[in-house]
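Peer 1: Below are the sequence and a predicted model; questions follow.
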Amino acid sequence: MTRKRLYILVAIPAGYLPLSYLVLVCYVFLNLALGRDIEFASGSIMWWIIWLGICGTVVQWPFYILWALNSRELTFKLRLAWVVVIILLNMFAMPYFLYCKYRNRTRDGLIHKIRKGALRRFLEGSPVAEQPRNGLS
């Protein structure tokens, strides 16, 4: 199989994760707006959508964590940062990590999303610039 076909094959379960979460959120808000009880009867379509989303997350977690830890293009700090992001933002981070891997942007994909300058410099591995104190060099 070509690289593109493999990524498409992996993107299907990864893309389902945020989709299942968004369907759940829409379902809950719609029922709240209509004044209905929020119930998930066992075996209903909503129950299956949610259950498959949760199972998909739990099953894919180890693969994405190992993939992030074994990414040779990343520094050790970036590997750990990706693992933390995958664990904390699981349903949304796994498809984003896959997208970054496909575009060969795993180094930049995470750093450019970080707003804090000190954390960004830490992950990039660049030294912290000395700031003059009291206007003196």
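Peer 2: On my side now, so go ahead.
Peer 1: Tell me which helix or strand the one residue sitting closest to the centre of the chain sits in.
Peer 2: For the chain, the residue nearest the mean C-alpha position is residue 93 (0.4 Å; C-alpha atoms, centre = their mean). Secondary structure assigned from DSSP states H and E places residue 93 in helix 90-102.
Peer 1: what does residue 72 give?
Peer 2: Applying DSSP H and E, one finds residue 72 in no helix or strand.
Peer 1: just the one 5 residues further on next, same as before
Peer 2: Residue 77 is part of helix 76-88, with elements assigned from DSSP H and E.
Peer 1: Ok, residue 54 next?
Peer 2: Assigned by DSSP H and E, residue 54 falls in helix 45-69.
Peer 1: tell me which residues of the helix holding residue 93 are tucked away?
Peer 2: Neighbour-count burial for helix 90-102 flags 90-91, 93-102 (criterion: 16 or more other C-beta atoms under 10 Å). Bear in mind the C-beta positions are built from the backbone N, C-alpha and C, glycine included.
Peer 1: Just the closest of those to residue 41, please.
Peer 2: Nearest to residue 41 out of the buried residues of helix 90-102 is residue 91 (C-beta to C-beta; 23.3 Å).
Peer 1: Going by length in residues, pull out the top helix of the protein.
Peer 2: Determined from DSSP state H, the single longest helix within the chain is helix 3-34.
Peer 1: So which elements touch it?
Peer 2: Secondary-structure packing of helix 3-34 (3 or more C-beta pairs under 8 Å, 6 or more residues apart in numbering; DSSP states H and E): helix 45-69, helix 90-102.
Peer 1: quick one, the longest one and helix 76-88 angle?
Peer 2: Right, the one you point to is helix 45-69. 170 degrees (axes from the mean of the first three to the mean of the last three C-alpha atoms, to 10 degrees).
Peer 1: quick one: low-confidence parts of this protein?
Peer 2: Filtered on pLDDT under 70, the chain yields the residue ranges 113-120, 125-137.
Peer 1: mind checking how far the helix or strand hosting residue 108 is from the chain centre?
Peer 2: Assigned by DSSP H and E, residue 108 belongs to helix 106-111. How far helix 106-111 lies from its chain's middle: 12 Å, per C-alpha atoms, centre = their mean, to the nearest Å.
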